[in-house]
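J.: Just a sequence and a predicted model for now, questions to come.
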Amino acid sequence: MGGRAPWLQWMLLFAVSAVFAFILEWADLPAALLVGPMLAGIVAGTNGATVRLPKPAFFAAQAIIGCLIAASIEIEILTFFMRDWPLFLGAVLLTVAASSFLGWLISRWKMLPGTTAVWGSAPGAATAMVLMAETFGADARLVAFMQYLRVIFVSVTAALVARLWVDTSGVEPPATVWFPEIEWPAFSATLAVALAGGLVGRLLRLPSPYFLGSLILGVTLHLGGLVDFQLPEWLLAVSYAVIGWSIGLNFTRTILRHAVRALPQIIVSILALMAFCGGLAWLLHRHLGIDPLTAYLATSPGGMDSVAIIAAASDSVNLSFVMALQMARFLFVLLFGPALARLVARSVKS
């Protein structure tokens, strides 16, 4: 592929990305618009592609994802969390401890370099972990490989488990409106937060400044009732594709072989984390009387979007509990993931 003209390489990359994304969407697998382009980028990168995305495009995509996460954090979920914070905090700490231990084991066995296994094992916030991992010395390509593989495992398993309690076959996610009417005040505010947040992040020398800068500024303004976001699907699709290509095109055959060689251990660690979270769900059901499906979906280690759709399909599921626990873990990993990864990495080296 490297011998072809750049414009032809881009055309091939677009075409293969569209095919992969369509197949993943058709199979109802999560993060199709990111994973599809990432897989296409891996195919292109391991076959000698020379094209690369300009850095400003990658930075802009990070800022948009920061705004997306900021828009998802609602004051109602935080209020629900504060009512039973010891329960939520205990569940979060146990899950993070288990995932960190599994990451430590993979690092200790030297299957993956540095802190890669720790970042790749983080339970939730997959895109955020991938965006921040490289800043802290991890290999973002292998982190993405681990994170999105787990998202697929968790989402598919959650859907299968849900069918034991409720028929979700007739439940469809809301129809996607790719080109909604632009609400200029909200859309302009979104772009302004992305731009200003990225610049502030650079000035403050934050890790992954464009992502964290827009996220912090966006959350502050959103919870303060000062900003309403509009993130049309076409903008998110472009941002996902840019991030997927940026990761995938940097894969080489050596890196891919490394990932495949570590695949058995990665899958075992994913299954072990899922089993641990299943046991935690059983404890919540057994000792606190929480509905078993509610407990299972709330403790699922990732795939928050898919979990929300499944939870909404059943009247017996406490959707607020599910989303509060999922969001609490997401925020905990987002805030403390870097420090935890460094701590675990130092223990591996010692």
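T.: Thanks, I have the structure now.
J.: Would you map the strands across the stretch 1-150 of the chain?
T.: For the stretch 1-150 of the chain, no strands are identified by DSSP state E, counting those that start in this stretch.
J.: And the spatially most central residue of the chain, how far from residue 151?
T.: To find the centre residue of the chain, average its C-alpha atoms and take the closest one (CA atoms, centre = their mean): that gives residue 126, at 2.3 Å. To residue 151, residue 126 is 5 Å away according to CB to CB, to the nearest Å. Just so you know, the C-beta spots here come from the backbone N, C-alpha and C atoms, and that holds for glycine as well.
J.: Now do the shared contacts for these two.
T.: Here residue 126 and residue 151 have 31, 302 as joint contacts, going by CB atoms under 8 Å, 6 or more residues apart in numbering.
J.: Grab the longest helix from the chain for me.
T.: In the chain, assigned by DSSP state H, the helix with the most residues is helix 319-349.
J.: Rounded mean pLDDT for that one, please.
T.: This predicted structure assigns helix 319-349 an average pLDDT of 79.
J.: Which elements pack onto that helix?
T.: helix 75-83, helix 85-108, helix 116-121, helix 126-133, helix 292-299, helix 304-312 (3 or more CB pairs under 8 Å, 6 or more residues apart in numbering; DSSP states H and E).
J.: elements contacting the fourth one?
T.: What it means is helix 126-133. Other elements packing on helix 126-133 under the criterion 3+ CB pairs under 8 Å, 6+ apart are helix 55-72, helix 116-121, helix 140-162, helix 209-223, helix 233-248, helix 319-349.
J.: May I have the fifth one exported as CSV, CA atoms only?
T.: Output in CSV follows, covering the C-alpha atoms of helix 233-248 (Å, rounded to 0.1, in the frame of the first residue of the first chain):
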residue,chain,number,x,y,z
GLU,A,233,-23.8,12.5,14.9
TRP,A,234,-21.8,13.5,11.9
LEU,A,235,-19.4,15.5,14.1
LEU,A,236,-19.0,12.5,16.5
ALA,A,237,-18.5,10.1,13.6
VAL,A,238,-15.7,12.3,12.2
SER,A,239,-14.1,12.5,15.6
TYR,A,240,-14.3,8.8,16.2
ALA,A,241,-12.8,8.1,12.8
VAL,A,242,-9.9,10.5,13.3
ILE,A,243,-9.1,8.9,16.6
GLY,A,244,-9.4,5.4,15.2
TRP,A,245,-7.2,6.2,12.2
SER,A,246,-4.6,7.9,14.4
ILE,A,247,-4.3,4.7,16.5
GLY,A,248,-4.6,2.2,13.7
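J.: Mind listing residues that contact the helix or strand following it?
T.: Under the assignment DSSP states H and E, the closest C-terminal helix or strand after helix 233-248 is helix 253-261. The contact list for helix 253-261 (CB under 8 Å, 6+ apart) reads 42, 46, 111-112, 139, 141-142, 145.
J.: If we use 10 Å, what do you get?
T.: Identification of contacts with helix 253-261 by CB atoms under 10 Å, 6 or more residues apart in numbering yields 42-43, 45-48, 111-113, 116, 139, 141-142, 144-146, 149, 251-252, 266.
J.: which among those end up buried?
T.: Neighbour-count burial (16 or more other CB atoms under 10 Å) is assigned, among those, to 42-43, 45-46, 111-112, 116, 139, 141-142, 144-146, 149, 251, 266.
J.: Sounds good, over and out.
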